[in-house]
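Engineer: Take a look and give me a structure for this.
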Amino acid sequence: MKSFTHIDAKGNAVMVDVSEKDITARTAVAAGRIAMSTECYAAVAAGVMKKGDVLGTAQIAGIMGAKRTSDLIPLCHILNLTKCGVEYSMHDESCEIEARCTVKCSGRTGVEMEALTGVTVTLLTIYDMCKAVDKHMVIRDIHLLEKQGGKSGYFVYDLQGGRL
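Structural biologist: The predicted structure follows:
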């Protein structure tokens, strides 16, 4: 059974010492969705929400969130990100917006938390900018899609083995 890396032998929370790890190229991609009413979805897609460009603003917010992950998640290392991007897929049939956040760095620890934080902040920003039109929006299915680099190597989310 694997042990938790952020807890020492006495049960205290610790920041993992990564100083002996090799610096490697690391990439992570996370995704999530926000479901909304037909009216709200149409307004976002057309770019006519009163608060402005919802997707553009959320994209910037997601990048900013990824960069500030260590300020938000206790015990996360501060990373020098070399790439961070947010992309969208519009799902007209279900009135959902899927966001994907891709993060890269060369470092001693992975960027999974940065990708997950980036996509979460993106979706929260969409919610914030649209809540006047639809308070029933649902944010869901936030998960790691893929990661590369480091000791554990390559991971890809397996929809068959996953729980979504």
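
Engineer: lowest confidence element among the helices and strands of this protein?
Structural biologist: strand 155-156 (a mean of 94; mean pLDDT, DSSP states H and E).

Engineer: since we're on His77, how many residues are nearby?
Structural biologist: 16 (other Cβ atoms under 10 Å). All C-beta spots, glycine's among them, are computed from the backbone N, C-alpha and C.

Engineer: Residue numbering should commence at 667 henceforth.
Structural biologist: All right, first residue 667 from here; so that's His743.

Engineer: Show me the strands in this structure, by range?
Structural biologist: In the chain, the strands defined using DSSP state E lie at 690-701, 749-757, 762-773, 804-814, 821-822.

Engineer: Distance of Leu747 relative to Ser760?
Structural biologist: 32 Å (Cβ to Cβ, to the nearest Å).

Engineer: what's near enough to touch Pro740?
Structural biologist: By Cβ atoms under 8 Å, 6 or more residues apart in numbering, Pro740 lies in contact with Ala679.

Engineer: if I look at the closest residue to Lys716 other than its chain neighbours, how far off is Ile808?
Structural biologist: Nearest non-adjacent residue to Lys716, counting by Cβ to Cβ, 6 or more residues apart in numbering: Ala798, 7.1 Å away. From Ala798 across to Ile808, the span is 24 Å (Cβ to Cβ).

Engineer: Which one's more surrounded, these two?
Structural biologist: Ile808 (17 against 11).

Engineer: looking at the strands of the chain, which is closest to Thr735?
Structural biologist: When these are compared by Cβ to Cβ, strand 762-773 sits nearest Thr735, at 9.0 Å.

Engineer: in its sheet, what does the closest one sit against?
Structural biologist: Strand 762-773 pairs in its sheet with strand 690-701 (antiparallel), strand 749-757 (antiparallel), by DSSP bridges.

Engineer: Mind exporting the C-alpha coordinates of it to PDB?
Structural biologist: Extracted in PDB, the C-alpha atoms of strand 762-773 (Å, rounded to 0.1, in the frame of the first residue of the first chain):
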ATOM      1  CA  GLU A 762     -21.900  22.600 -21.600                       C
ATOM      2  CA  ILE A 763     -18.600  24.200 -21.900                       C
ATOM      3  CA  GLU A 764     -15.600  22.000 -21.400                       C
ATOM      4  CA  ALA A 765     -12.300  23.700 -20.400                       C
ATOM      5  CA  ARG A 766      -8.900  22.100 -20.700                       C
ATOM      6  CA  CYS A 767      -5.800  23.500 -19.000                       C
ATOM      7  CA  THR A 768      -2.300  22.400 -20.200                       C
ATOM      8  CA  VAL A 769       0.700  23.300 -18.000                       C
ATOM      9  CA  LYS A 770       4.400  22.600 -18.600                       C
ATOM     10  CA  CYS A 771       7.600  23.200 -16.700                       C
ATOM     11  CA  SER A 772      11.100  21.800 -16.300                       C
ATOM     12  CA  GLY A 773      11.400  20.900 -12.600                       C
END
